[in-house]
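K.L.:
predicted model and sequence below, questions to follow.
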Amino acid sequence: MRLEILCEDRLGIAQEVLNILALHEISLRGIEVDLVGIIYLNLPDLAFAELQKLLPEIRHIKGVTDVRTIQFMPSEREHYELSTLLQTLPDPVFSVDTKGGVIIVNESGLRVLGGNLEEVRQMPINQWLQGFNLNRWVQQTEHWPMSTPIKVQGEAYLADILPVHVPNQQQDQTLVGAVICLKSADRLGKQIHALQQVESSLFSEILAVDTEMKRVIKQAKKFAGMDAPLQILGETGTGKELLARACHSFSVRAEKPFLVLNCASLPDNVAETELFGYGERIVSEEQPIIKHGILEQADGGTIFLDEIGEMSSHLQIKFLRFLQDGTFRRVGDDKEVKVNVRVICSTQKNLPLLCQDGKFREDLFYRLNVLILHLPPLRERKKDILPLAEMFIRRYANQQSKVPPKLSKASVNLMQQYPWPGNIRQLEHAILRAITVLEKGEIRPEHMQLPSYADRVGYLSTSFEGTLDESVKKFEKQLLSHLYPAYPSSRQLAKKLGVSHTAIARKLRDYGITKHSR
């Protein structure tokens, strides 16, 4: 039985407790005193009636505030915690005294030494260790943690030697022994591989100086370990596929395939067979063939559906079924196939607007609308523009065996002010073009050959024809066509644009714009 006595820090209070134990003829197995005013007693098990007499007497001691039973003495708890920690460590661990005698050893250590605790306790560790002399290390004037290669029973290990110091009365540190932790080559290899897996994840290739982009990367790392569908939204050239690959490389699926299907680049029937495959087909007198789609090929891994907003209605229905239970049928086959695949998709389009227009299924949208990442356009990541440009300069200069050139002040100003409708891809291509045509000196604006561009108007052609009034009307029509689906009444749209609803109603009528206009 263990008792915890909460009390004041008063001289003689422990002696009064011991006097009560003596009066009751209770033997004391152990006593510990905490600096904050707690006395711990280790007593034999007492009958309930005897305990009822003892506790009130201790509580009546001046300065005692409470007495209660506990399961462990502090030293016992620390012993069990240390023992549990040592036994769960996969690496061999030994504690030795200054003569090298083994004091403590965990289960992994016993397996390495090839004996039980009674056989190895107090035995000199040097009889097993080859390549390190512990006695010589002890005789040194200073003792610091060190790592050294050794052999134990002919097996190679990396040994961490950690000195154990205890302060003496002069407050100096006295060496009382050492802890030796062994790591096998196989164990070290696995740890290095695991570290490399994290370091080699593609997130390290995504440059992010801008605060918003850092937030996106931090969120993406959280989403990477989940199995729920992930949507990556962003304009063309923002790096949606790179971010998808980074999420895959950062997940437990990293060793499995990552496969991509661009929903906009293939006809409907081709996209279906690429995604789901097809059943047995006779193509010759030889054995019939079966095509495995990317869902089967990526089993255990990740598929990335680029521009999912372009997926046909027929394919949407079949893909929705797969998202519900992980099963599907190959084209022309009745056999059910079940796979474990994480789905990541991307789009530039407004999926809610496509649902409103009946071009994208709402039930599929809600299945996909679980985890969402918004990749900001480059014009909203101005702090990233110059670092990205310098990275591309180094990359393409090295490829062409050139000294990386500097950017002229005019080029820096241009890049900071340009809207980059093609985002990072456009910046990369502009730098590649500049490095290729540059003979010597700095990169100037003419080397990048960026076309003139205005937001919401697009690229401006030098062969533009028409009056200012015609251009204004064309822009006005494009703007209203773009906004009306999101603000589907003349009053809402007028409020958004800060004009009267009658003026907006008239312009919508003049331009022939309706809710279903594109």
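P.N.:
That came through fine. Everything numeric in this text was worked out from a predicted model, so none of it was measured.
K.L.:
which parts of the biggest helix by length in the chain are buried?
P.N.:
Once the chain is assigned using DSSP state H, the helix that runs over the most residues is helix 382-399. By neighbour count on 16 or more other C-beta atoms under 10 Å, the buried set for helix 382-399 is 384, 385, 388, 389, 392, 393, 396, 397. Placement of C-beta: from N, CA and C, glycine included.
K.L.:
of those residues, which is the nearest to residue 476?
P.N.:
Residue 476 lies nearest to residue 385 out of the buried residues of helix 382-399, by C-beta to C-beta, at 31.3 Å.
K.L.:
what pLDDT does the closest one get?
P.N.:
Looking at residue 385, its pLDDT is 93.
K.L.:
for the stretch 351-500 of the chain, what spans make up the strands?
P.N.:
Assigned by DSSP state E, counting those that start in this stretch, the strands in the stretch 351-500 of the chain fall at 371-374, 453-454, 458-459.
K.L.:
quick check: the spatially closest residue to residue 250 that is not a sequence neighbour vs residue 397, distance?
P.N.:
Closest residue to residue 250 apart from its sequence neighbours, by C-beta to C-beta, 6 or more residues apart in numbering: residue 224 at 4.0 Å. Per C-beta to C-beta, to the nearest Å, residue 224 is found 33 Å from residue 397.
K.L.:
and what of residue 91?
P.N.:
46 Å.
K.L.:
and for residue 244?
P.N.:
For residue 244 relative to residue 397 (C-beta to C-beta), the value is 29 Å.
K.L.:
what's the answer for residue 413, then?
P.N.:
Residue 413 is 22 Å from residue 397, by C-beta to C-beta.
K.L.:
same question for residue 471.
P.N.:
According to C-beta to C-beta, residue 471 stands 41 Å off from residue 397.
K.L.:
cool, and residue 374?
P.N.:
Counting by C-beta to C-beta, the gap from residue 374 to residue 397 is 33 Å.
K.L.:
next, count neighbours for the closest residue to residue 132 other than its chain neighbours.
P.N.:
Nearest residue to residue 132 in three dimensions, chain neighbours excluded: residue 150, at 4.9 Å (C-beta to C-beta, 6+ apart). Using other C-beta atoms under 10 Å, the number of residues around residue 150 comes to 17.
K.L.:
which helix or which strand is home to residue 150?
P.N.:
Take DSSP states H and E as the rule and residue 150 turns out to sit in strand 146-152.
K.L.:
partners of that strand, with directions?
P.N.:
The pairing partners recorded for strand 146-152 under DSSP bridges are strand 129-130 (antiparallel), strand 155-167 (antiparallel).
K.L.:
wait, residue 319 touches residue 364, no?
P.N.:
Yes: taking C-beta atoms under 8 Å as the definition, residue 319 is a contact partner of residue 364 at 6.9 Å.
K.L.:
can I see the domain layout of this structure?
P.N.:
2-76, 89-190, 201-374, 378-458, 468-511 (automatic domain parsing).
K.L.:
which one of those lies nearest to residue 83?
P.N.:
domain 89-190 (8.6 Å).
K.L.:
what mean pLDDT does that closest one have?
P.N.:
84.
K.L.:
same thing with stretch 480-493?
P.N.:
The model assigns stretch 480-493 a mean pLDDT of 76.
K.L.:
buried residues in it, which are they?
P.N.:
For stretch 480-493, using 16+ other C-beta under 10 Å, the buried residues are 480, 481, 483, 484, 485, 487, 490, 493.
K.L.:
just the ones in helices from those residues, please.
P.N.:
480, 481, 483, 490, 493.
K.L.:
between these, which is nearest residue 251?
P.N.:
residue 483 (38.9 Å).
K.L.:
least trustworthy helix or strand in the protein by mean pLDDT?
P.N.:
Least confident helix or strand of the chain, by mean pLDDT, DSSP states H and E, is strand 458-459 with a mean of 49.
K.L.:
residue ranges for the helices of the stretch 201-350 of the chain, please.
P.N.:
211-224, 240-249, 268-276, 294-297, 313-325 (DSSP state H, counting those that start in this stretch).
K.L.:
just how off-centre is the fourth one within its chain?
P.N.:
Distance of helix 294-297 from the chain centroid (C-alpha atoms, centre = their mean, to the nearest Å) equals 25 Å.
K.L.:
same question, stretch 243-252
P.N.:
Worked out by C-alpha atoms, centre = their mean, stretch 243-252 lies 9 Å from the chain centre.
K.L.:
any buried residues in that stretch, and which?
P.N.:
243, 244, 245, 246, 247, 248, 249, 250, 251.
K.L.:
please apply the same query to stretch 426-444.
P.N.:
426, 427, 428, 429, 430, 431, 432, 434, 435, 438, 443, 444.
K.L.:
the spatially closest residue to the fourth one that is not a sequence neighbour: neighbouring residues, count only.
P.N.:
It stands for residue 429. Distance criterion C-beta to C-beta, 6+ apart; nearest residue to residue 429, sequence neighbours excluded, is residue 422 at 7.6 Å. Applying other C-beta under 10 Å, we find 20 residues neighbouring residue 422.
K.L.:
any idea how many residues pack against the closest residue to residue 332 other than its chain neighbours?
P.N.:
Among residues not flanking residue 332 along the chain, residue 279 sits closest, at 4.6 Å (C-beta to C-beta, 6+ apart). Residue 279 has 16 neighbours, counted by other C-beta under 10 Å.
K.L.:
I'd say residue 279 and residue 337 touch.
P.N.:
No: counting by C-beta under 8 Å, residue 279 does not reach residue 337; the two are 10.0 Å apart.
K.L.:
name the residues contacting each of those two.
P.N.:
Both residue 279 and residue 337 are contacted by residue 330, under the criterion C-beta atoms under 8 Å, 6 or more residues apart in numbering.
K.L.:
ok, and the closest non-adjacent residue to the most centrally placed residue in the chain?
P.N.:
The chain has residue 221 as the residue nearest its centroid, 3.4 Å off, counting by C-alpha atoms, centre = their mean. In space, and not counting its chain neighbours, residue 221 is closest to residue 250: 6.0 Å by C-beta to C-beta, 6+ apart.
K.L.:
distance check, that neighbour against residue 111.
P.N.:
Taking C-beta to C-beta, one finds residue 250 at 35 Å from residue 111.
K.L.:
next: residue 390.
P.N.:
From residue 390 to residue 111 the distance is 54 Å (C-beta to C-beta).
K.L.:
residue 232 against residue 244, yeah?
P.N.:
Yes: between residue 232 and residue 244 there is a contact under C-beta under 8 Å: 6.0 Å.
K.L.:
what do these two both touch?
P.N.:
Going by C-beta under 8 Å, 6+ apart, residues that sit against residue 232 and also against residue 244 are 344, 346.
K.L.:
re the thing from before, I'd like the domains of the chain laid out as CSV, including distance to residue 82.
P.N.:
Below are the domains of the chain laid out as CSV (distance: least, C-beta to C-beta, whole Å):
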stretch, distance to residue 82
domain 2-76, 10
domain 89-190, 8
domain 201-374, 32
domain 378-458, 49
domain 468-511, 64
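K.L.:
weakest of these by average pLDDT?
P.N.:
Among those, domain 468-511 scores lowest, at a mean of 80.
K.L.:
distance between the ends of that domain?
P.N.:
18 Å (C-alpha to C-alpha, to the nearest Å).
K.L.:
just give me how far that domain sits from the chain centre.
P.N.:
On C-alpha atoms, centre = their mean, the centre of domain 468-511 falls 45 Å from the chain's centre.
K.L.:
again, but for stretch 58-72
P.N.:
That offset, for stretch 58-72, works out to 49 Å (C-alpha atoms, centre = their mean).
K.L.:
just the CA atoms of it, as CSV, please.
P.N.:
The C-alpha coordinates for stretch 58-72 follow below in CSV (Å, rounded to 0.1, in the frame of the first residue of the first chain):
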residue,chain,number,x,y,z
ILE,A,58,-2.1,11.6,10.1
ARG,A,59,-4.6,14.2,9.0
HIS,A,60,-4.6,15.7,12.5
ILE,A,61,-0.8,16.4,12.3
LYS,A,62,-0.3,20.2,12.1
GLY,A,63,0.4,21.2,8.5
VAL,A,64,-1.1,18.1,6.9
THR,A,65,-3.9,19.0,4.4
ASP,A,66,-4.8,15.6,3.0
VAL,A,67,-3.9,11.9,2.9
ARG,A,68,-4.9,9.5,0.1
THR,A,69,-3.9,6.1,-1.3
ILE,A,70,-2.0,5.9,-4.6
GLN,A,71,-0.9,3.1,-6.8
PHE,A,72,2.8,3.8,-7.2
